[in-house]
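Participant: Need coordinates for the below:
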Amino acid sequence: MPTGRRGQLLALSLLLVALGGVYLLIVSPLLGLYAERAAVLENRRMLVPRLRAAADELPSLRARVEQLRAAAGTRKITLEGASDAIASATLQSRIEELASSAGATIGSTESLPAEARSGYRRIGLRYVLSGSYETLVKFLARLESATPPVVIDNLHIHGVLRRPGTPAAAGLDAGLDVYAYRDGEKSVAVKQ
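Facilitator: The predicted model follows:
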């Protein structure tokens, strides 16, 4: 073992190495853990006002959900009628109301065969109608928001040919298929 000044320097360097090892193995991980915990605590403190605001909104949100559920439960999604023919007549009168309120003129109506689809009966009507561009757009918008909902298919719109020399009215002809659904369970119950 060295003694004297050299021994003292060696002992001091060994002490510094030991202190550095203790710092790297014990103190540094503890400081890192402390910093992580402080960050988690700060995040939680920042979340408290937001969570309180969300908790304050919860009763009004629950009331809104109940209102929406009640409104969805009362909304008609199927046609009424004891048979396909009655449901088709109901759909036809509804479409005629929408067309007349939009200003469209119905040229002809044709019933399409009813089809069974996943517990429902699809009732269809084929229409030929005429009117101005604005009138047809208004009619289609009313069909889009109709209750019960309807499906528009096979839509064709074309301009009306006029003889030369006759005044040109800005009229269009349109052909479309309109489908609505009727509860298939009712038709089974009626047959029995």
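
Participant: Going by C-alpha atoms from here, please, whenever you check contacts or count neighbours.
Facilitator: Noted.

Participant: for the protein, which spans come out with low pLDDT?
Facilitator: Counting by pLDDT under 70, the chain has low-confidence residues at 1, 72-75, 160-170, 185-192.

Participant: Domain boundaries for it, per the record?
Facilitator: For the chain, automatic domain parsing gives the domain ranges 1-75, 84-191.

Participant: Out of those domains, which is the most enclosed?
Facilitator: Across those, the average number of neighbours (mean count of other C-alpha atoms under 10 Å) peaks for domain 84-191, which reaches a mean of 16.

Participant: Just give me how far that one sits from the chain centre.
Facilitator: Remark: domain 84-191 is offset 25 Å from the chain centroid, using C-alpha atoms, centre = their mean, to the nearest Å.

Participant: Begin at 42, not 1, for the rest of this chat.
Facilitator: Happy to do that; since the first residue is 42 now, the last one works out to domain 125-232.

Participant: Roughly how far does L184 sit from A157?
Facilitator: 23 Å (C-alpha to C-alpha, to the nearest Å).

Participant: Likewise for L132?
Facilitator: Counting by C-alpha to C-alpha, the gap from L132 to A157 is 17 Å.

Participant: and A79, that one's in a strand?
Facilitator: No - assessed with DSSP: H, G, I helix; E, B strand; the rest coil, A79 is helix; it does not lie in a strand.

Participant: That one and G73, how far apart?
Facilitator: Separation of A79 from G73 (C-alpha to C-alpha): 10 Å.

Participant: just G165 next, same as before
Facilitator: Distance of G165 to G73, computed by C-alpha to C-alpha: 71 Å.

Participant: Same question for I118.
Facilitator: From I118 across to G73, the span is 61 Å (C-alpha to C-alpha).

Participant: cool, S134 as well?
Facilitator: S134 is 76 Å from G73, where distance means C-alpha to C-alpha.

Participant: Look up how far P189 lies from the residue lying closest to L213 once chain neighbours are set aside.
Facilitator: Nearest non-adjacent residue to L213, counting by C-alpha to C-alpha, 6 or more residues apart in numbering: G200, 4.6 Å away. Between G200 and P189 the distance, using C-alpha to C-alpha, works out to 31 Å.

Participant: Alright, that wraps it up for me.
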